[in-house]
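Undergrad: can't give you the sequence, but here's the structure:
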């Protein structure tokens, strides 16, 4: 446990990527494999269950520190993280007797034992454990118990750490880490071997595009690129191997159950085929809004009615495996040729291939990009025709060039304290628009301001509070902000009658008074459904 | 306990700050007034523009430096009484920074004490907090939640030292953000237990370090950071929080950043401010010290100001004290 805590602290207290990788490498080299495999499991963000009710942990710590409920809650609000609050409150326990129980014993023996006890026994066990542990260890342990552990490093960095520690092959390693695997010493030690059994339905690590920042022209001649519309869907791979089909999301989650019609489609693919693409809500020849797609994701089992009412297509844009041959080292142009022939031969209603637009000049692209909004797309994708299919977000070959967002000027109405990094600070804001002489809330946004701006705003909020409702304050409706968002839809669930996608703050409009803010009617005008075929 | 009604409203809250009508003076006023009593020299307490300042003897140098030498200052030694109007006044050590004072006011047999900022922890760079028995106690509450419990200064200073050495090994400097007045000197004093290697200072810190030295506070050897160039490595540099990340800090070679502050008790604060390391060192009373002080001063009425006012006063009431928040116009302090 102490080693894991040390690793966590080392990663947490540096901003240098190199230092993080070194810390990971050193850890993996020196930790016993039986512990290391669990660290790997948690660092890759694997599924964790909550083992004990929040209330039980909270009561145990309140009993120890003799705190009333409300004061615990206030402390939690100030810290913004439950496990950290618990850890800080356990620090004042006197007479600690420290121990160092190995991580695998915690996870394989102690935690399962804890989860099987009744509430009173759980409290006694927790209190005893806290006496053995430093504040930092209580923090990590509580994260493990509540299922909320996050390493703070990307999968890619973890892989780099392993590669640096053991000189394993990065590509093979990345594939092996996908999907389900046994958390055992043997499995961990076998990660270095080139064998890939039991991986038959796993996807390839996704290759991700980087945002174009600045002038797109700087990327080189446009003739080197294939241009595609950027649709707002779910990035996924359809994997067909050994007669089985799996559909994986970009987050490496299995989403087959949400899309039965794509499973049907996958069954018709030849064995040893992997397609990369975007799942889109699609009806009557048109791409629908992302919200329609989300309805499908929200449930594990999708009814026939649901499939009928919210149909989808798979818009393929890459072929990573065909005839059981890994195509990732082939140039994009070649992969597209193979993809197009598969799509054509299949001639299946739920399988389309993305339109490739070949252009002669960047000016043509600018013109096309201007049509993005009316076409209902988020912008353009630019992929180098010669590019091989890499892993993760590697700059250079794949670019996404989003269109500028829609904006409205809105008045700040409420503020709420943030969590985690933003705890103890008013960082989550609700904004409103005019309607019949009143300002009605229309969007919540929390990102977009610099730390300095947040700090100033926090002070302003505290001085201009009208009312407090728990962690929320209503503020004098005086400040106007320019709010950007990607899409706008009617929504009976919202008071304003509309819902916006990805709202965020562009800037404060110091030049505008509340009466100059936009109205709900203006927002309605921005709304029009996407109208063009994929 | 039945609510205690102070016999005379010795202090009232006005838009210019705490005002004492019976003595016609303000305490740490927000804007210029005729007569100001200053608890300590931090800029959110000692503000310019007043005609006359009553201050503690030990804070004269710092306050002159900050508010100008021309101002009219009357200095008082700790515990020495003086009278303004109907009020008998004395300054008592608050243990916050050099020259910091609680202000005791007595009128018609009733005693009020305004704590200013204070701490109960060991700090040899200033006089230790004195418990002043009183009827009404106005306490700060910057860290008035049970999550705020300080470790000893030795432990955190050792952590600073280890961090410095670790960075030194990889050829990096260690840039430690420390409030220039009080915190820096406390850290510089404590570091002497671990090393005699000189510490480099930002100009703003240097000035105040010199003022502490003039008053005989022993500190580790220091040098102005600007004497060094880009090629220096492995140094510990103390600078005010605002200087880190500024053009000033870019003059130096690669460095890791740290921040010594009570706010570093919460991870989110450190991450939000983007410091690599946080060291929990505060010149304010932590939760146990706030409760201890309220208990020891024996006040029948507690007013809570400056921080987690609602929470501390509610908890004090639950413990059986008569406490309530005192709304003041102090800005939220960022640099505990």
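TA: Sure thing, it's come through. Everything numeric in this text was worked out from a predicted model, so none of it was measured.
Undergrad: List the residues that contact the closest residue to chain A within the stretch 101-250 of chain B.
TA: Going by Cβ to the nearest Cβ, chain A is nearest to residue B:147 of the stretch 101-250 of chain B, at 4.2 Å. Glycine gets a C-beta too; all of them are placed from N, C-alpha and C. For residue B:147, the contact set (Cβ atoms under 8 Å, 6 or more residues apart in numbering or on different chains) comprises A:75, A:78, A:79, A:85, A:88, A:89, B:265, B:266, B:287.
Undergrad: If we only consider these, which is nearest to residue B:232?
TA: Residue B:232 lies nearest to residue B:265 out of those, by Cβ to Cβ, at 31.6 Å.
Undergrad: I figured the closest one hits residue B:148, correct?
TA: Yes. Using Cβ atoms under 8 Å, residue B:265 makes contact with residue B:148 at a distance of 5.8 Å.
Undergrad: List the contacts of the helix or strand containing residue A:429.
TA: In the assignment (DSSP states H and E), residue A:429 maps to strand A:426-435. If you take Cβ under 8 Å, 6+ apart as the criterion, strand A:426-435 is touched by A:408, A:410-418, A:422, A:439-446, A:454, A:457-458, A:461-462, A:473, A:477, A:481, A:483, A:496, A:503, A:505, A:517-523.
Undergrad: Need phi/psi at residue A:70.
TA: In terms of degrees, to the nearest 10, the main-chain angles of residue A:70 are phi -60, psi -30.
Undergrad: Which secondary structure element is home to the closest residue to it other than its chain neighbours?
TA: Among residues not flanking residue A:70 along the chain, residue B:314 sits closest, at 7.4 Å (Cβ to Cβ, 6 or more residues apart in numbering or on different chains). Per DSSP H and E, residue B:314 falls inside helix B:309-318.
Undergrad: what's next to that helix, contact-wise?
TA: The contact list for helix B:309-318 (Cβ under 8 Å, 6+ apart) reads A:68, A:70-71, A:74, B:139, B:141, B:144-145, B:290-291, B:294, B:302-304, B:323-327.
Undergrad: Please pick the buried ones from those.
TA: A:71, A:74, B:139, B:141, B:144-145, B:290-291, B:294, B:302-304, B:323-326 (16 or more other Cβ atoms under 10 Å in any protein chain shown).
Undergrad: for those residues, which one is nearest residue A:120?
TA: Of those, the one sitting nearest to residue A:120 (Cβ to Cβ) turns out to be residue A:71, at 22.9 Å.
Undergrad: Residues of chain A that sit close to chain B?
TA: Residues of chain A lying close to chain B (Cβ under 8 Å from any Cβ of the partner chain) are A:12-15, A:65, A:67-68, A:70-71, A:74-75, A:78-81, A:84-85, A:88-89, A:91-92, A:418-425, A:451, A:455, A:458-459, A:462.
Undergrad: Please check those residues and keep the buried ones.
TA: By 16+ other Cβ under 10 Å, these give A:12-14, A:65, A:67, A:71, A:74-75, A:78-81, A:84-85, A:88-89, A:91, A:418-419, A:421-425, A:455, A:458 as buried.
Undergrad: so what's residue B:241 closest to, chain neighbours aside?
TA: Among residues not flanking residue B:241 along the chain, residue B:177 sits closest, at 4.2 Å (Cβ to Cβ, 6+ apart).
Undergrad: And residue B:311, by the same measure?
TA: residue A:74 (5.0 Å).
Undergrad: Low-confidence regions, chain B specifically.
TA: For chain B, the stretches flagged by pLDDT under 70 are B:1-2, B:328-336.
Undergrad: How many neighbouring residues does the spatially closest residue to residue B:9 that is not a sequence neighbour have?
TA: Nearest residue to residue B:9, sequence neighbours excluded (Cβ to Cβ, 6+ apart): residue B:21, at 7.6 Å. Other residues near residue B:21 come to 15 when the count uses other Cβ atoms under 10 Å in any protein chain shown.
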